[in-house]
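Chemist: Fold the following.
(2 chains)
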Number of protein chains: 2
Amino acid sequence: MIKKIPGGVCAPKGFRANGVHCGIRKNKEKKDLALIVSDVRCAAAGVYTTNLVKGAPILVTKAHLADGHARAVIVNSGNANTCNADGIEIAEGMCALVERFAGIPAVDVLVASTGVIGQKLSLEPIEGGMEALVKGLGDGSSAAAEAIMTTDTYKKEVSFAFEAGGKTCRIGAIAKGVGMICPNMATMLCFVTTDAAISPEMLQRALSEDVKTSFNMLSVDRDTSTNDTLCIMASGLAGNREITAAGADYNAFKRALHKVTVALCRMLAADGEGATKLLECTVKGARTRKDARIAAKAVVCSDLLKAAMFGADANWGRVLCALGYSGANLDIDKIDVDFRSKAGILPVCREGAGVEFSEEFAKKVLSEKEIDIDVRAGDGRGSATAWGCDLTYDYVKINGDYRT
Amino acid sequence: MIKKIPGGVCAPKGFRANGVHCGIRKNKEKKDLALIVSDVRCAAAGVYTTNLVKGAPILVTKAHLADGHARAVIVNSGNANTCNADGIEIAEGMCALVERFAGIPAVDVLVASTGVIGQKLSLEPIEGGMEALVKGLGDGSSAAAEAIMTTDTYKKEVSFAFEAGGKTCRIGAIAKGVGMICPNMATMLCFVTTDAAISPEMLQRALSEDVKTSFNMLSVDRDTSTNDTLCIMASGLAGNREITAAGADYNAFKRALHKVTVALCRMLAADGEGATKLLECTVKGARTRKDARIAAKAVVCSDLLKAAMFGADANWGRVLCALGYSGANLDIDKIDVDFRSKAGILPVCREGAGVEFSEEFAKKVLSEKEIDIDVRAGDGRGSATAWGCDLTYDYVKINGDYRT
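Modeler: Below is the predicted model:
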């Protein structure tokens, strides 16, 4: 039983958060510095970008997470602190500021940055903002969620309550950016908190397993960022027996974590740069789960299909085309495709060939804000879901002059 | 010594061509049926899409090329004849029409189709257009190049003269579409003719080797078509000693073939859907040629970089980002990047970190029609070039309502 609750990253016991404007971004209306702290030392885990170019904060966060524990996360927007000669020094400096102003040892602080690559980040505005940031720590999940936004048009936070070991536990998260595969200026950042008691090892395992079916199945533009970071801290204050092995409690935790990550994936995709529509592609009946994943991801990644969805054009040939070049082991002659939305179900392809449909009804189905693309690939047991968005004029506009 | 000459596919001895409007396309101004014939039976070779979804014409062309010989190519635009239950029958029917109207055995005819997927193609308009098509055969390379266009804005043809075995040989080609990795309605088709004498085996080898550094390094939108086809016919009428093995003559032929394919790659990329700029990325000094290819291709494939180039924004972090996720084995700390055009050279990155530059000069360099992105990856011997184009509002527009 997983229940939606308010509070974001502050919903679990022991966490406080805040976000302020410190001056990294020129626009004073926009918050640019966020802090999440725990009253107690937490089990913690993280996953990061696979890009060979890695933001300096990622290297520092990895080092601080090496012992499986953390107590705080500091994040700035407006500058990615990546491809800078002094990047690591600056990222360490941000952690040291948390120690100085909040009394949390720098080695227990995780750090992340998002914004333009290759511009020097100064500690000066951050230092200037620390007093207000720490003073305002409290029920500030929303302020923190705002402070990490770049091209996001709304803040993303979510929280749930669930049962584990006979106790009610809570899990919450904030996130920003348009995907794991995403613009380098819109790095995907996600910070999850929970008061469930769970060992660092099981926390890392849960996170690493979860991303395969959540953030790794999300794409806005196939550009894997240099700064993608997903961290989780578990305070243990829910009082459940610590989860130290696989079993019913671990599964309950994983289900709750997955509710959080999938909810955020859908929010990030729907808010993809310039997007007007959320696309969700589910492939069922593939030979293996891997084939299903590759196939579903290829569909939501196709620029051609994304442009067709923007135009509410039922050009299903582009779905077949993407499935065909995806690299998944599929039997094209067995493929069925439906487009589906609140307006209804539109069958467009049966056994690899087109079926007749009303263009008028197609337009109606595809004019909704959320479009499902359902693919049946055969009789296999492999299934997977991927999330993406349409490709619009505004995507080109936003990315044609981001720096200026 | 390779010299540019006029004539396209009709430049080599023994070839005639034509293109007409037969009625597959509704717009009577647009030609939609092309034919290239040789006076003699030719050595012939082909390479095709790797998409699992393959257009019916590809299956027929492969069968007819099994013996390494051909005499004619018939091509229609306006319909891809793909994902149709009767596709093979129709493609065979097109070859049979060439036999009936031009007296060339159907088994010596290659066939290709380009247009929308999943709509039935009728032989009726094709049959109706055959008499005029065959009657008008002559110096019609341009008419044939026009007849195979879909979203292309200008026809692509090219021809060169070269020396092999002491004789002057000629090679010519027409092409259409926006890439090997390209929209399914803008299939890449390329037909090359030559009067050089060369065995079917060496012709196939030359073609298969060449595409690795030509069409396979071209991308408009990473969507590999279901109908990509590149065929070559060699009449042997230049009178050179037949090329049957590697050596000086084979190398001379390969160089000429590469001139043709690279010229067409550049034309196709420059005319990429909605494109305003040709992008050419060259990676030098990589560990291996494969690393260089993977890296160069990733750069021209990045939607983010493509949008930045549209906006003349020197956002070099996106080049680094693409190199980093490409999968190539690179040492990011050694990477130098320059943007280059007719307006000058703009160094933007040295040893993986940014260098200062004038935004005004950057704008000038990036406002040209052809932009070179020069990457030095280190001291290795691997180098490669890839071609692409910018991502624009018009790309979205063209693909948002292609079918309507």
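
Chemist: CA atoms for contacts and neighbours, from now on please.
Modeler: OK.

Chemist: Any figure for the gap between the closest residue to A:Trp316 other than its chain neighbours and chain B?
Modeler: Leaving out its chain neighbours, the residue that sits closest to A:Trp316 by CA to CA, 6 or more residues apart in numbering or on different chains is A:Val348, at 6.6 Å. Look at A:Val348 and chain B: by CA to the nearest CA, to the nearest Å, they are 10 Å apart.

Chemist: now do A:Leu65
Modeler: 24 Å.

Chemist: Return the residues in contact with that residue.
Modeler: A:Ala44, A:Ala45, A:Gly46, A:Asp108, A:Leu110 (CA atoms under 8 Å, 6 or more residues apart in numbering or on different chains).

Chemist: got the end-to-end distance for stretch A:355-363?
Modeler: Stretch A:355-363 stretches 16 Å from its first residue to its last (CA to CA, to the nearest Å).

Chemist: show me where pLDDT drops low in the stretch 301-404 of chain A?
Modeler: Low-confidence segments of the stretch 301-404 of chain A (pLDDT under 70): A:401-404.

Chemist: Chain B contacts on that one?
Modeler: When proximity is defined by CA under 8 Å from any CA of the partner chain, the stretch 301-404 of chain A lies next to chain B at A:302-304, A:307-313, A:315, A:317-318, A:320-322, A:324-325, A:332, A:352-354, A:391-393, A:396-397, A:399-403.

Chemist: Just the ones of the residues you listed in helices?
Modeler: Applying DSSP state H to those, the entries found in helices are A:303-304, A:307-310, A:317-318, A:320-322, A:324-325, A:393, A:396-397, A:399-400.

Chemist: for chain A, which strand is longest?
Modeler: strand A:33-48 (DSSP state E).

Chemist: Averaged pLDDT, that strand. What do you get?
Modeler: Averaging pLDDT along strand A:33-48 yields 93.

Chemist: Output the contacting helices and strands for it.
Modeler: For strand A:33-48, the packing partners by 3 or more CA pairs under 8 Å, 6 or more residues apart in numbering or on different chains; DSSP states H and E come out as strand A:15-20, strand A:69-77, helix A:123-135, helix A:141-147, helix A:200-213, strand A:229-234.

Chemist: Of all these, which one is nearest chain B?
Modeler: strand A:229-234 (15.2 Å; CA to the nearest CA).

Chemist: What residue spans form the domains of chain A?
Modeler: A:3-270, A:278-400 (automatic domain parsing).

Chemist: ok, and for the biggest helix by length in chain A, which residues are buried?
Modeler: In chain A, assigned by DSSP H, the helix with the most residues is helix A:248-270. Under the neighbour-count criterion of 16 or more other CA atoms under 10 Å in any protein chain shown, helix A:248-270 has A:249-250, A:252-270 buried.

Chemist: next one: stretch A:33-48
Modeler: Buried-residue list, stretch A:33-48, by 16+ other CA under 10 Å: A:33-38, A:40-48.

Chemist: Please apply the same query to stretch A:59-71.
Modeler: A:Leu59, A:Val60, A:Thr61, A:Lys62, A:His64, A:Leu65, A:Gly68, A:His69, A:Ala70, A:Arg71.

Chemist: now those residues as TSV including pLDDT and distance to A:Thr82?
Modeler: Shown next, in TSV, are these (pLDDT from 0 to 100; distance: CA to CA, whole Å):
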residue	pLDDT	distance to A:Thr82
A:Leu59	93	11
A:Val60	96	12
A:Thr61	94	14
A:Lys62	91	15
A:His64	96	18
A:Leu65	92	20
A:Gly68	92	25
A:His69	94	25
A:Ala70	94	23
A:Arg71	96	24
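
Chemist: Quick one, which of the ones in helices among the residues of the stretch 301-404 of chain A next to chain B are buried?
Modeler: A:303-304, A:307-310, A:317-318, A:320-322, A:324-325, A:393, A:396-397, A:399-400.

Chemist: thinking again about what came up before, the domains of chain A: which one's closest to B:Lys297?
Modeler: Comparing those against B:Lys297 with CA to CA, the closest turns out to be domain A:3-270 (13.3 Å).

Chemist: where's A:Val300, which helix or strand?
Modeler: helix A:289-301 (DSSP states H and E).

Chemist: Verify the stated contact: A:Thr153 with A:Asp271.
Modeler: Yes. Between A:Thr153 and A:Asp271 there is a contact under CA atoms under 8 Å: 6.7 Å.

Chemist: Am I right that A:Cys281 sits in a strand?
Modeler: Yes. Under DSSP: H, G, I helix; E, B strand; the rest coil, A:Cys281 sits within a strand.

Chemist: contacting residues for it?
Modeler: So A:Cys281 contacts A:Ala296, A:Lys297, A:Val299, A:Val300, A:Asp372, A:Ile373, A:Asp374, A:Val375, A:Thr385, A:Ala386, A:Trp387 (CA under 8 Å, 6+ apart).

Chemist: OK, contacts around the last one?
Modeler: When you say that, I think you mean A:Trp387. A:Met217, A:Leu218, A:Ser219, A:Cys265, A:Arg266, A:Ala269, A:Leu278, A:Leu279, A:Glu280, A:Cys281, A:Lys297, A:Val300.

Chemist: could I get those as a markdown table with pLDDT?
Modeler: As requested, the contacts of A:Trp387 are arranged in a markdown table below (pLDDT from 0 to 100):
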| residue | pLDDT |
| --- | --- |
| A:Met217 | 84 |
| A:Leu218 | 83 |
| A:Ser219 | 80 |
| A:Cys265 | 88 |
| A:Arg266 | 89 |
| A:Ala269 | 87 |
| A:Leu278 | 95 |
| A:Leu279 | 96 |
| A:Glu280 | 96 |
| A:Cys281 | 97 |
| A:Lys297 | 92 |
| A:Val300 | 94 |
